[in-house]
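Chemist: take a look and give me a structure for this.
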Amino acid sequence: MISSRACSGSLSAHLAPGGADPRSCASCHREHAGAGAELRPDPAELCASCHLGEPESFEAAHPSLEAFAILEDELRWAFDHTSHSVEYYPREEVAFDCVACHNAGRVLTMAVNTFEASCTSCHDHVSEVSSVRLPVFQLPGLDYETLEEEGLGMGSWPEDAGIDLEAELTPATRLLLDAEGVRAADRLEAQGALLFDLLDADVELEDVETLVWSLKEALADVREREGAALRSRLGRWPGVELTRDLNITLQQWAEALNRASGDWFPDLEAEVARHGAGESVEVHVVSDYDFTAEEVGAWTVDTRTFSVRYSVERHADALARALFEAAAGRASMAGLMTELRHDAAAGACLKCHGKGLAASADWLETGGAPSEGPAAGTPVAGWFDHGPHLSVTTCAECHAETGATPSFDAVPLSRCSACHATEPVDLEEPATMTCSSCHVYHDAMSTKAMGADSATASESGG
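Modeler: Predicted coordinates:
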């Protein structure tokens with residue numbers, strides 16, 4: 001299969017070093033031949049003047065297509081065609097048909113149908129991934145006794161979230177902290193601090209105090225503004241798109257957090273107000289709470305672990321997507337990306353997604369949505385129309401499965417020459433062999449391949 005990247009550039013390939021054009025316009029376009037003259041040259045004659053004259057077959061004239069094969073790091077989905085065609089489809093007694101998932105068109109790659117259209121007949125996303133719950137908020141175990149002995153004011157704290165709760169601040173919880181809280185968390189992490197064991201620890205206890213108040217201020221903000229507080233805090237991270245579905249999920253997250261903080265910090269608003277006014281808020285241990293776990297839909301408020309957990313229950317989950325968007329490419333969020341990427345992660349997104357996802361969330365741009373190929377006007381030097389080819393051959397005739405990822409070998413030139421030759425094997429009449437059937441000279445002419453209207457093409461010089 002041909003990737004769009006392999007065919008980028010066209011006119012630039014015809015320029016001499018430094019950008020000089022070795023051929024003048026007049027060497028191809030004849031001018032002053034009258035009002036009805038055709039300025040555009042015969043493309044077959046033009047290309048043949050440099051490219052091998054008149055070859056007998058496509059195979060003899062065209063370079064290998066190996067360079068155009070899709071590479072593993074270009075794939076948006078980790079999909080093994082061979083396992084599906086040889087094992088999974090026969091097991092379900094379903095015919096393996098390429099067009100069930102792909103739509104042919106005049107684009108450089110085959111368009112892919114949505115997950116809902118192609119995959120849900122076999123993959124029940126809810127039953128496959130909903131058993132794993134992501135800790136979107138975690139109260140860290142805190143050595144409040146040492147903090148109290150050192151005279152640091154941190155207000156109330158649940159009794160069972162002390163030295164016996166060996167829980168660290170989770171990556172998703174960090175997203176809710178203010179800038180000072182994030183910096184304090186970074187410094188403590190760099191020092192290898194264990195918040196549940198601060199006795200004799202070589203850390204700045206003031207950073208612990210800063211972190212605790214940043215955490216409490218986030219909870220107080222959510223208690224006051226509910227989903228709006230989470231939208232503003234998550235929206236600070238570039239790349240996070242606050243969609244309607246995400247806003248609904250954030251409101252549910254806020255309700256779960258409020259149920260939790262109401263039990264764990266009953267005097268939260270008053271404490272935060274006192275701290276904000278510059279008062280020292282003495283340590284106070286809270287023990288009046290139910291030591292249970294409550295499940296409400298996709299959310300679990302668990303006082304046994306002092307966490308709020310979320311179950312990714314559907315494909316293209318809005319919150320899972322937002323967390324990927326927040327974590328992608330940011331060193332400070334490397335922990336969150338690691339938590340989302342491992343094999344048993346909530347949502348199991350990386351089971352199918354994420355080739356080359358370590359530093360970006362590019363797959364999210366079209367993940368689960370039809371791929372329409374390059375946009376109109378995108379400069380490319382060539383194109384391929386699957387439609388007419390599928391009228392005379394099948395997908396498997398050109399694309400041989402490898403049994404690995406990527407799933408297909410490059411198309412052999414001999415397959416093209418079965419039709420594109422002076423004496424074709426598979427057709428009564430030879431298929432076209434003019435270079436201009438698939439290639440352009442000027443970059444602007446590539447609008448023809450992308451379906452731009454004639455006005456746009458003429459204005460750009462095509």
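
Chemist: from Leu169, how far off is the closest residue to Pro171 other than its chain neighbours?
Modeler: Computed as C-beta to C-beta, 6 or more residues apart in numbering, the closest residue to Pro171 that is not its neighbour in sequence is Leu336, at 3.4 Å. Heads up, the C-betas are built off the backbone N, CA and C, glycines and all. For Leu336, the distance to Leu169 (C-beta to C-beta, to the nearest Å) stands at 11 Å.

Chemist: could I get the full set of strands for the stretch 101-250 of the chain?
Modeler: Counting by DSSP state E, counting those that start in this stretch, the stretch 101-250 of the chain has strands at residues 102-103, 111-112, 133-138, 156-158.

Chemist: now do the shared contacts for Leu336 and Leu169.
Modeler: Both Leu336 and Leu169 lack any common contact, where contact means C-beta atoms under 8 Å, 6 or more residues apart in numbering.

Chemist: next up, the contacts around Asp200.
Modeler: Contact partners of Asp200, counting by C-beta under 8 Å, 6+ apart, are absent.

Chemist: re earlier: the residue nearest to Pro171 falls within a helix, correct?
Modeler: Yes. The assignment for Leu336 by DSSP: H, G, I helix; E, B strand; the rest coil puts it in a helix.

Chemist: tally of neighbours for Tyr310?
Modeler: 25 (other C-beta atoms under 10 Å).

Chemist: got a list of contacts for the helix or strand it falls within?
Modeler: If you go by DSSP states H and E, Tyr310 is part of strand 307-311. Strand 307-311 is contacted from outside by 130-139, 167, 170, 253, 256-257, 260, 298-302, 319, 346, using C-beta under 8 Å, 6+ apart.

Chemist: kindly export it (C-alpha atoms) in CSV.
Modeler: What follows is strand 307-311 as a C-alpha-only set of coordinates in CSV (Å, rounded to 0.1, in the frame of the first residue of the first chain):
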residue,chain,number,x,y,z
SER,A,307,-9.2,7.0,45.7
VAL,A,308,-11.7,7.8,43.0
ARG,A,309,-11.5,5.4,40.1
TYR,A,310,-13.0,5.5,36.6
SER,A,311,-13.9,2.6,34.3
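
Chemist: count residues in the vicinity of Leu319, would you?
Modeler: Neighbours around Leu319, by other C-beta under 10 Å: 24.

Chemist: what is the strand or helix carrying it packed up against?
Modeler: Using DSSP H and E, Leu319 sits within helix 318-327. Applying 3 or more C-beta pairs under 8 Å, 6 or more residues apart in numbering; DSSP states H and E, one finds that helix 318-327 contacts strand 133-138, helix 244-264, helix 334-341.

Chemist: and the helix or strand that the longest one is followed by, which residues are buried?
Modeler: It refers to helix 244-264. Beyond helix 244-264 on the C-terminal side, the first helix or strand identified by DSSP H and E is helix 268-276. Buried residues in helix 268-276, counted by 16 or more other C-beta atoms under 10 Å: Leu268, Glu271, Val272, His275.

Chemist: ok, now stretch 217-232?
Modeler: In stretch 217-232, the ones that count as buried by 16+ other C-beta under 10 Å are Glu217, Ala218, Leu219, Ala220, Asp221, Val222, Arg223, Glu226, Gly227, Ala229, Leu230, Arg231.

Chemist: tell me which of those residues fall in helices.
Modeler: Among the buried residues of stretch 217-232, DSSP state H puts Glu217, Ala218, Leu219, Ala220, Asp221, Val222, Arg223, Gly227, Ala229, Leu230, Arg231 in helices.

Chemist: isn't Glu242 right next to Arg236, touching?
Modeler: For residue 242 the amino acid is Leu, not Glu. No. Taking C-beta atoms under 8 Å as the definition, Leu242 is not a contact partner of Arg236, at 11.0 Å.
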